[in-house]
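**Q** coordinates for the following, if possible.
(one chain, ligands or ions: 2)
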Amino acid sequence: MVSVGIIGGTGYTGSELLRFLVNHPKFDVEFATSRSEEGVEIGEYIPSLRGLVDDEFVSPDSSLDADLVFTAVPHTKAMNYVPSFLERGIKVVDLSADYRLPFGVYEEVYEVEHCDVGRKAVYGLTELHRREIKKADLVANPGCYPTGAIFSAYPIKDDVDRILFDSKSGISGAGAKPSSASHFPNLDGNLNPYKVTTHRHQAEMKMVLGGEVHFTPHVIPVVRGIMTTTHVFGCDVDDVKGRYEEFYSGCRFIRVYDDVPKLSSVRGSNYVDIGCFSQEEGRVVIVSAIDNLVKGAAGQAIQNANVMMGLPEDLGLKAIPLSP
Ligand SMILES: NC(=O)C1=CN([C@@H]2O[C@H](COP(=O)(O)OP(=O)(O)OC[C@H]3O[C@@H](n4cnc5c(N)ncnc54)[C@H](OP(=O)(O)O)[C@@H]3O)[C@@H](O)[C@H]2O)C=CC1
Ligand SMILES: CC(=O)N[C@@H](CCC(=O)OP(=O)(O)O)C(=O)O
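**A** Residues are numbered from 1 along each chain as shown. Ligands and ions are numbered 1, 2, ... in the order given. Next up, the predicted model:
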């Protein structure tokens with residue numbers, strides 16, 4: 001068995017890691033941390049795990065031991081834990097943004113100084129970066145929006161002039177802490193664009209796709225899921241859908257089809273559904289759907305950890321979507 005730890009076990013992605021790890025045949029949860037819930041039984045704090053996990057949350061501490069650690073803490077916080085794990089030979093999958101971008105770009109976009117500059121991480125969109133992930137000690141798990149967006153454009157990225165991502169996210173993307181954006185009367189019945197031209201994930205999308213990339217996020221009154229409508233301009237590809245089918249053949253979590261994907265077809269699962277492929281003069285529209293907490297976070301993190309430990313990529317991740 002491989003022992004794994006979670007820094008940030010009470011958060012939405014930490015809880016989702018626990019949900020999948022309970023059924024993982026090769027990963028054994030050694031610890032999950034929380035500062036606010038230290039000593040509280042995990043199954044008591046996360047009622048869906050009642051009777052399934054009887055350990056208690058422990059205080060986050062750089063001396064905690066495991067074979068692999070998931071850091072599921074807010075960006076700017078993970079960099080305080082990652083170095084000490086790596087220095088003790090413990091592999092890390094970081095779910096935060098701290099190691100995703102070149103350090104100079106990170107400091108500009110996140111407006112903070114990075115305290116671990118120079119550390120090498122592999123950016124982990126599993127299906128695109130498997131070979132590097134296999135050899136990595138530190139994987140930077142991609143952002144939720146970039147995951148859905150990049151998969152929806154990658155197969156044709158070199159044959160287009162310009163890419164525009166228009167994404168709609170469920171509110172769990174904002175984490176467990178309530179805010180005015182997540183307050184029920186502000187969210188219900190609304191569709192709220194935010195950071196329309198300035199969202200921090202645009203840098204990640206540009207890093208992987210290159211070229212001209214634009215991104216506008218919206219939050220919608222659902223809990224889980226990200227739907228991205230991707231407009232590509234100047235597309236020089238005859239059979240766009242055929243290109244995707246070929247590119248993603250053998251990727252068991254990526255499903256390519258004709259229809260417009262639904263959030264309910266991926267909810268609770270590690271799937272990326274890609275479809276639509278509507279074409280008019282000079283523009284192709286492609287739509288992708290993911291569960292932000294699974295393929296956009298915990299699921300992809302476990303997929304990457306499987307690859308890092310030389311295990312089958314889909315181990316512990318065979319959950320079927322919760323449709324409807
Ligand atoms: N929600 C999503 O859909 C996605 C989130 N992510 C990223 O994953 C990370 C976690 O997100 P999410 O689970 O939503 O966040 P939450 O806010 O829901 O949870 C944060 C967790 O981190 C702990 N924590 C906070 N500050 C610290 C600290 N300084 N040291 C140790 N632990 C700390 C909290 O527990 P306590 O305060 O009790 O210690 C809590 O368990 C973030 O970087 C986020 O951007 C990535 C992809 C998708
Ligand atoms: C709806 C919502 O608020 N979403 C979050 C995305 C958070 C997230 O998951 O950020 P990372 O993927 O970079 O870790 C936001 O826009 O900041």
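**Q** which ones are touching the residue in the stretch 1-150 of the chain that ligand 1 sits nearest to?
**A** Here the stretch 1-150 of the chain gets closest to ligand 1 at one residue, G11, 2.0 Å apart by CB to the nearest ligand atom. Glycine gets a C-beta too; all of them are placed from N, C-alpha and C. By CB atoms under 8 Å, 6 or more residues apart in numbering, the contact list for G11 reads 72-73, 175-176.
**Q** name the residues of this structure found near ligand 1, please.
**A** Selection of the chain residues close to ligand 1 by CB under 6 Å from any ligand atom yields 7-14, 34-37, 60, 72-75, 77, 95-96, 143-144, 172-173, 175-177, 292-293, 296-297.
**Q** hmm, try it at 5 Å
**A** 8, 10-14, 34-36, 60, 72-75, 77, 95-96, 144, 173, 175-176, 292, 296-297 (CB under 5 Å from any ligand atom).
**Q** which parts of the stretch 101-250 of the chain are strands?
**A** Assigned by DSSP state E, counting those that start in this stretch, the stretch 101-250 of the chain shows strands spanning 122-123, 138-140, 162-169, 192-193, 212-219, 226-233.
**Q** hey, which of these is tucked in deepest?
**A** Neighbour counts (mean count of other CB atoms under 10 Å) averaged over each of the strands of the stretch 101-250 of the chain peak at strand 138-140, with a mean of 24.
**Q** so what strands line up beside that strand?
**A** strand 91-94 (parallel), strand 122-123 (parallel) (DSSP bridges).
**Q** the first one: how far from the chain's middle?
**A** Averaging C-alpha coordinates over strand 91-94 and over its chain gives two centres that are 13 Å apart (CA atoms, centre = their mean, to the nearest Å).
**Q** what comes into contact with it?
**A** For strand 91-94, contacts defined as CB under 8 Å, 6+ apart pick out 67-71, 78, 82, 85-86, 121, 124, 136-141, 301, 304-305, 308-309.
**Q** repeat that with 7 Å
**A** 67-71, 78, 82, 85-86, 137-141, 301, 304-305, 308 (CB atoms under 7 Å, 6 or more residues apart in numbering).
**Q** can you dump the C-alpha coordinates of it into PDB?
**A** C-alpha atoms of strand 91-94 as PDB (Å, rounded to 0.1, in the frame of the first residue of the first chain):
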ATOM      1  CA  LYS A  91       6.100  13.100  -3.400                       C
ATOM      2  CA  VAL A  92       3.600  15.900  -3.700                       C
ATOM      3  CA  VAL A  93       0.600  16.700  -5.800                       C
ATOM      4  CA  ASP A  94      -0.200  20.400  -5.200                       C
END
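**Q** hang on, the earlier thing: in strands, which of the contacts of strand 91-94 fall?
**A** 68-71, 138-140 (DSSP state E).
**Q** picking up where we left off before, in JSON lines, list the strands paired with strand 138-140 along with mean pLDDT.
**A** Formatted as JSON lines, the strands paired with strand 138-140 follow (pLDDT from 0 to 100):
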{"stretch": "strand 91-94", "mean pLDDT": "98"}
{"stretch": "strand 122-123", "mean pLDDT": "98"}
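**Q** which among those is found nearest to ligand 2?
**A** Using CB to the nearest ligand atom, the strands paired with strand 138-140 put strand 91-94 closest to ligand 2, at 9.7 Å.
**Q** can you say which of the contacts of G11 are buried?
**A** Neighbour-count burial (16 or more other CB atoms under 10 Å) applied to these gives 72-73.
**Q** any low-confidence regions in the protein?
**A** In the predicted model of the chain, no residue satisfies pLDDT under 70.
**Q** flag every residue of it that's near ligand 2.
**A** 97, 143-144, 169, 173-174, 219.
**Q** try it again with 8 Å
**A** 13, 75, 95-97, 100, 142-146, 169-175, 181, 194-195, 199-201, 204, 217, 219, 292, 296-297 (CB under 8 Å from any ligand atom).
**Q** quick one on the thing from earlier: which two among the contacts of G11 are spaced furthest apart?
**A** Within those, V73 and A176 form the most distant pair, 11.8 Å apart (CB to CB).
**Q** what about H183, how many neighbours?
**A** H183 has 11 neighbouring residues, counting by other CB atoms under 10 Å.
**Q** how about it, phi and psi?
**A** Backbone torsions for H183, taken as degrees, to the nearest 10, come to phi -60, psi 130.
**Q** thanks again, I'm all set now.
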